[in-house]
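> When you get a sec, could you give me coordinates for this:
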Amino acid sequence: INAEYMGIVELACADGCAVSMKLLLVVLFSLIALSDARRHRRARAAPSPYRFSEEELQQTSHEDLVDILLHRNGIPAPETPEEPAIAAAADNYPPIWPYPAKFSNGTASVTVNPTGFKFTAPESDRDLRAAFERFERLFFPHRAAAGGTISAVQVTVSAFNVQLQLGIDESYTLDVPMQGPIRISAGTVYGAYHALQTLSQLIVFNFDTQLYTIALAPWHIEDRPRFTHREVLLDSSRHFEPVQTIMNLIDSLTYAKVNVIHWHIVDSQSFPFDSPSYPLLGKMGSWSAQERYTIFDVQDVVEYARERGVRIMIEIDNPGHAGSWCKGYPDVCPSVQCPEPLNPATNATFDLIDGLFRDFTGGARGGGVVFENLMHLGGDEVDTSCWSSTPAIAQWMKDNSLTPDLTYEYFVRRSQAIAHAQGRDVVGWEEIWNHFGTQLDKSTIIQQWLGGSTIAQNATAHGYRVLWSTDGVWYLDGLTTTWATMYSQEPCTGIPDNLCDMLVLGGGGEMWGETVDTSDIQQTIWPRLAAIAERLWSPRIVKDATAARMRMANFRCLLNRRGVAAAPVNNAVARSAPFGPGSCLFN
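Numbers count the residues shown, from 1 in each chain. Here you go, the predicted model:
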């Protein structure tokens, strides 16, 4: 091989090449050299078009030398693909997830000074000051030198010490000027948190200038959620989810303004809660001695969530999905062989339910370690055959002239009465509406979940409140359900606007835990939950998945940068790994 070609190989690999790459270059230049030799035999007087002068070798980059050689040999250089990040930036408008209710912006760019950046508030409390510390880390993830025209954000909150409950004011106004402080105003600290979250997405680090910038300034945003209840269901019975896993999940929820964890804390598979009133429930019913929550663990989770504007709605599913209760207290179940639904024929069952509820509620509205005024009692998938096949229960039903279906009604009503007496409004799966309809207390909230169901239309027509989380489209354990399918759903389909506004509280993504534990929970939830989050936050007209595609991709990258294991956006199967090298935007 011509020594000049070997010299180019050494130049191209000056910074190191894999052996396979070096061999490939040697083969390439061998072919060129052979071609050169043939041409020389045909026209020995003609100079070789493949040789470089000393000046060319000094002034041409290694990559360009290879391209020139290919071109001179009649081999076209590969087309340069469009830079994905540039295309993404062009389509990532507005660069906010979820899409704000109302906004305007300019065309300029302003810089933000991370050195000595100040959060100010005419009035503040411990929660707001703690939020300032959290958001400073989100605003400025990279160390950078001082520099920037904006160096403060001023936050005004109308009312402090407002308990976090369903319907809390989460609205805010955000103004990013060309100069001077950024201004935020909100009715509560929870609205202020959302405003700071939006601002954290607008502030972007420019690696070329080493400055923090806000593009398309000035910004004026007036934002509020369309629905007040935006949940993810967390199932800690099928697989135990440690406290730190739950806290990590809470952090991630705030990035998309999801404001509820529907904590399905116990089920037939395990009872991972150490009830102070009935300690054998957790001791005997958990997967193992270490896979349990103390009452203080629950309190810590609730407080961690409250500080970030996330409500915790506990679900104690009954009378079905309760087989794990029998391991510690067998009297509350029909039999060891037929453990559920719970035994309706003994007051011991309802005494246990009362004590268990009281562990969470403290017996008063807005009280207890879980101060949320909504309590989910399940009521779904109740197979009454164990009642009929257990002689003592069958005789009790006969003595009280009750059919199995009427016994189910008796149980649900009595369980709900216990919750009401402790100041809780009851949420139940749609089966309770199918069975009881308008006989339910008007405070009852119906959660639609069955595929193809029209419960939401039916219940709202009768004045009942509903949540929407239909299986097949908003169930996150459906691993082949894409984010685009989730994005295309509308909770108020077939419901008049006035009833939608008054009675559809929202809904969410349900993360049932059969195949989910700490190892894969984040990538199973994210980024698909973001699609649900935007449909529940943003105006109804924001519904085009194609238009949202690049914003979704950019939001997934943001989650990754913040340490959230969000899976690739366009996975055919959720939570699967990237199929090869590539950007977080497209792989």
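
> sec struct for V466, please.
For V466, the assignment made with DSSP: H, G, I helix; E, B strand; the rest coil gives strand.

> Go ahead and confirm it touches L505.
Yes: using C-beta atoms under 8 Å, V466 is in contact with L505, at 6.9 Å. In short, each C-beta sits where N, CA and C put it, glycine included.

> okay, these two: which has more neighbours?
Relative neighbour count places V466 above the other of V466 and L505, with 27 against 23, counting by other C-beta atoms under 10 Å.

> picking up where we left off before, mind listing the shared neighbours of V466 and L505?
I445 (C-beta atoms under 8 Å, 6 or more residues apart in numbering).

> And N92, what's its pLDDT?
Predicted confidence (pLDDT) for N92: 89.

> what about it, distance to M511?
As for N92, its distance to M511 is 27 Å (criterion: C-beta to C-beta, to the nearest Å).

> Repeat that for S389.
34 Å.

> In the protein, what helix or strand scores lowest on average pLDDT?
Within the chain, no helix or strand scores below helix 84-91, which has a mean of 44 by mean pLDDT, DSSP states H and E.

> which is the next helix or strand following that one?
Counting by DSSP states H and E, the next helix or strand C-terminal to helix 84-91 is strand 102-112.

> Give me the helices and strands touching that following strand, please.
For strand 102-112, the elements it packs on are strand 211-223, judged by 3 or more C-beta pairs under 8 Å, 6 or more residues apart in numbering; DSSP states H and E.

> ok now the following helix or strand past the strand it packs on, how far from the chain's centre?
Using DSSP H and E, the helix or strand that follows strand 211-223 in sequence is strand 229-235. Distance of strand 229-235 from the chain centroid (C-alpha atoms, centre = their mean, to the nearest Å) equals 9 Å.

> How about stretch 386-406?
Stretch 386-406 sits 44 Å away from the centroid of its parent chain (C-alpha atoms, centre = their mean).

> Would you indicate which residues of it are buried?
Across stretch 386-406, burial judged by 16 or more other C-beta atoms under 10 Å covers 386-387, 390, 393, 396-397, 402, 404.

> what does stretch 352-365 give?
For stretch 352-365, a neighbour-count test (16+ other C-beta under 10 Å) marks 352-354, 356-362 as buried.

> Could you export the residues you listed as TSV, including distance to R308 and pLDDT?
Formatted as TSV, the buried residues of stretch 352-365 follow (distance: C-beta to C-beta, whole Å; pLDDT from 0 to 100):
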residue	distance to R308	pLDDT
L352	33	98
I353	31	98
D354	31	98
L356	27	98
F357	26	98
R358	27	98
D359	24	98
F360	20	98
T361	22	98
G362	22	98
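
> dump the residue contacts of Q422.
Here Q422 is in contact with 357-358, 361-365 (criterion: C-beta under 8 Å, 6+ apart).

> Need the pLDDT of it.
For Q422, the predicted pLDDT is 98.

> Who's the closest spatial neighbour of it, skipping the chain neighbours?
Closest residue to Q422 apart from its sequence neighbours, by C-beta to C-beta, 6 or more residues apart in numbering: T361 at 4.4 Å.

> I'd say the one you found and M375 touch.
Yes: in this structure, T361 is within contact of M375 by C-beta under 8 Å, at 7.2 Å.

> Quickly list what's touching both of these two.
Common neighbours of T361 and M375 (C-beta under 8 Å, 6+ apart) are 419, 424.

> ok, and the closest non-adjacent residue to P279?
P279 sits nearest to G328 (C-beta to C-beta, 6+ apart), 7.9 Å away.

> Measure how buried that neighbour is and give me the count.
19.

> Same question for L280.
L280 has 15 neighbours, counted by other C-beta under 10 Å.

> List the residues that contact it.
L280 makes contacts with 327-329, as judged by C-beta under 8 Å, 6+ apart.

> Let's see that with 7 Å instead.
By C-beta atoms under 7 Å, 6 or more residues apart in numbering, the contact set of L280 is 328-329.

> And the residue nearest to P279, how far from S237?
Counting by C-beta to C-beta, the separation of G328 from S237 is 15 Å.

> ditto for G478
Distance from G478 to S237, by C-beta to C-beta: 19 Å.

> likewise P344?
As judged by C-beta to C-beta, P344 and S237 stand 22 Å apart.

> Please apply the same query to F205.
Counting by C-beta to C-beta, the separation of F205 from S237 is 42 Å.

> Neighbour count: these two, which is higher?
Between F205 and S237, counting by other C-beta under 10 Å, S237 is the more crowded of the two (25 against 17).

> Look up phi and psi at the more buried one.
Backbone torsions of S237, given as degrees, to the nearest 10, read phi -100, psi -50.

> Nearest residue to it in space, please, no chain neighbours.
Nearest one to S237, counting by C-beta to C-beta, 6+ apart, is D267 at 3.5 Å.

> Repeat that for F205.
The shortest distance from F205 to any non-neighbouring residue, by C-beta to C-beta, 6+ apart, is to H142 (5.0 Å).

> pLDDT score assigned to the one you found?
Value listed for H142 in the pLDDT field: 97.

> cool, S48 as well?
46.

> next one: A289
Predicted confidence (pLDDT) for A289: 97.

> With V26 instead?
Note for V26: predicted pLDDT of 55.

> before we move on, what about A146?
pLDDT, A146: 89.

> isn't it right next to T115, touching?
Yes: between A146 and T115 there is a contact at 3.8 Å, judged by C-beta atoms under 7 Å.

> Quick check, central residue of the protein?
In the chain, the C-alpha nearest the mean C-alpha coordinate belongs to L529, at 4.3 Å (C-alpha atoms, centre = their mean).

> mind checking how far S237 is from R311?
To R311, S237 is 20 Å away according to C-beta to C-beta.

> what's the answer for T361, then?
From T361 to R311 the distance is 14 Å (C-beta to C-beta).

> And the helices in the stretch 151-300 of the chain?
189-202, 243-255, 280-285, 295-306 (DSSP state H, counting those that start in this stretch).

> what packs against the longest one?
It refers to helix 189-202. Applying 3 or more C-beta pairs under 7 Å, 6 or more residues apart in numbering; DSSP states H and E, we find helix 189-202 packed against helix 126-139, strand 152-157, strand 172-176, strand 182-186, strand 211-223, helix 243-255.

> Tell me which residues of that helix come out buried.
Applying a neighbour-count criterion of 16+ other C-beta under 10 Å, one finds 189-202 buried in helix 189-202.
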